[in-house]
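*Asks:* Fold the stuff below for me.
(chains A and B)
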Number of protein chains: 2
Amino acid sequence: MRSKRARRQARRERKEAEAIEAAALQLKTDEKYMKQAIKQAKKAAELGEVPIGCVIVYEGKIIGRGYNRRNTDKSTFSHAEISAMKKAGKVIGDWRLEGCTMYVTLEPCQMCAGAIVQARIPRVVMGCMNPKAGCAGSVVNILQMKEFNHQVDVTRDILKEECSRVLKDFFAGLRSRDKEGRGGK
Amino acid sequence: MRSKRARRQARRERKEAEAIEAAALQLKTDEKYMKQAIKQAKKAAELGEVPIGCVIVYEGKIIGRGYNRRNTDKSTFSHAEISAMKKAGKVIGDWRLEGCTMYVTLEPCQMCAGAIVQARIPRVVMGCMNPKAGCAGSVVNILQMKEFNHQVDVTRDILKEECSRVLKDFFAGLRSRDKEGRGGK
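*Replies:* As a prediction, this is how the structure comes out:
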């Protein structure tokens, strides 16, 4: 028979292994949905809009998709997150999006971060950060202010490189078109 | 002929008088539009919604009106400010609401304050403050963060008592209905 100490050690190791397994599973799930958000971002790029995409998941199902269409729609509210939230709200039938997880390719702005808190979304998973304007940890962290009546569980850097690449490719494309344009004059 | 000193003094006094006159005129204009925002707030109360109202003015004309309909519409985005901004955006034909002034009866929340910055509204006039949740000076001041690419000119306390009264009457009404309900049991 094993000593008490050995049994305790085995229990600790089992728990650690379970936690690692759960984290690996969560990462796999997060990457799966972030890929869907990237798909949305690419739709924005096709319209010549800054490529940002978002999906909202409820009970293992995507219930809202959105991508940036601000210039196309001529609307402040056509950010990826707001569009996805509007659709999710219609499915849930409530202004509260409790039980939902949002996946977004870029750190939200002040408006979208505020909307996430207002809608009481419990968890937000982000791709890359927006150091100059992001409001979920960069400039300010509206998602986790203790003064508000709701704080969000935040996961960062999921498929960070891919999310960032979509944006970099878009801006590189703009610059090269701009150069060609000027070259042709 | 008056001395140089006397002329300088007269010029100073004239400038001061002009500034006072301009401020009085501005106050009168602000009160005029805030009354319209209060009218909107009362529409919310009629629906049993927390009475908050908003109007947006462009070149001396109201181009967007809105009142809180969050529960009625089951939408996070049915705040007074967002509804008014949507309408104003359609009139202006752009996501930028440059040249507009927003009049709102209560200090905006984190989402609406964020939307105001996103839409680059140059000036916001508020009625009463929201000490526990307001994001234009109370909990945080999203409208005037130097880190963002837009800062808003803010005027507070316009028809403050009237704006506050509409809210107090609404909550007093809720409480007395609640009491009656319990008394009848």
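
*Asks:* Count the neighbours of residue A:47 for me.
*Replies:* 14 (other C-beta atoms under 10 Å in any protein chain shown). (Each C-beta comes from the backbone N, C-alpha and C, glycine too.)

*Asks:* Quick check: the gap between the one residue sitting closest to the centre of chain A and chain B.
*Replies:* Residue closest to the average C-alpha location in chain A (C-alpha atoms, centre = their mean): residue A:104, at 2.2 Å. Using C-beta to the nearest C-beta, to the nearest Å, residue A:104 is found at 15 Å from chain B.

*Asks:* What of residue A:77?
*Replies:* 7 Å.

*Asks:* Could you grab the helix/strand/coil label for that residue?
*Replies:* Applying DSSP: H, G, I helix; E, B strand; the rest coil to residue A:77 yields a three-state assignment of coil.

*Asks:* who's in contact with it?
*Replies:* Contact analysis of residue A:77 by C-beta atoms under 8 Å, 6 or more residues apart in numbering or on different chains lists B:77, B:82, B:85, B:86, B:115.

*Asks:* thinking again about what came up before, are we agreed that the residue nearest to the centre of chain A is in a strand?
*Replies:* Yes. Counting by three-state DSSP, residue A:104 is located in a strand.

*Asks:* quick one: it and residue A:143, what's the gap?
*Replies:* 11 Å (C-beta to C-beta, to the nearest Å).

*Asks:* Give me the common contacts of these two.
*Replies:* Residues touching both residue A:104 and residue A:143 by C-beta under 8 Å, 6+ apart: residue A:124.

*Asks:* what does chain A have sitting close to chain B?
*Replies:* By C-beta under 8 Å from any C-beta of the partner chain, the residues of chain A that approach chain B are A:70-71, A:73-79, A:82, A:85-86, A:89, A:93-95, A:97, A:109-115, A:117-119, A:133, A:135, A:139-140, A:142, A:145, A:147-149.

*Asks:* Please repeat the previous calculation with a cut-off of 6 Å.
*Replies:* Contact residues, chain A versus chain B (C-beta under 6 Å from any C-beta of the partner chain): A:70, A:74-76, A:89, A:94-95, A:110-111, A:114-115, A:117-119, A:139, A:142, A:147.

*Asks:* give the contact list for the nearest residue to the residue nearest to the centre of chain A once chain neighbours are set aside.
*Replies:* Leaving aside its chain neighbours, residue A:104 sits nearest to residue A:54 (4.4 Å; criterion: C-beta to C-beta, 6 or more residues apart in numbering or on different chains). For residue A:54, the contact set (C-beta atoms under 6 Å, 6 or more residues apart in numbering or on different chains) comprises A:37, A:66, A:80, A:81, A:84, A:104.
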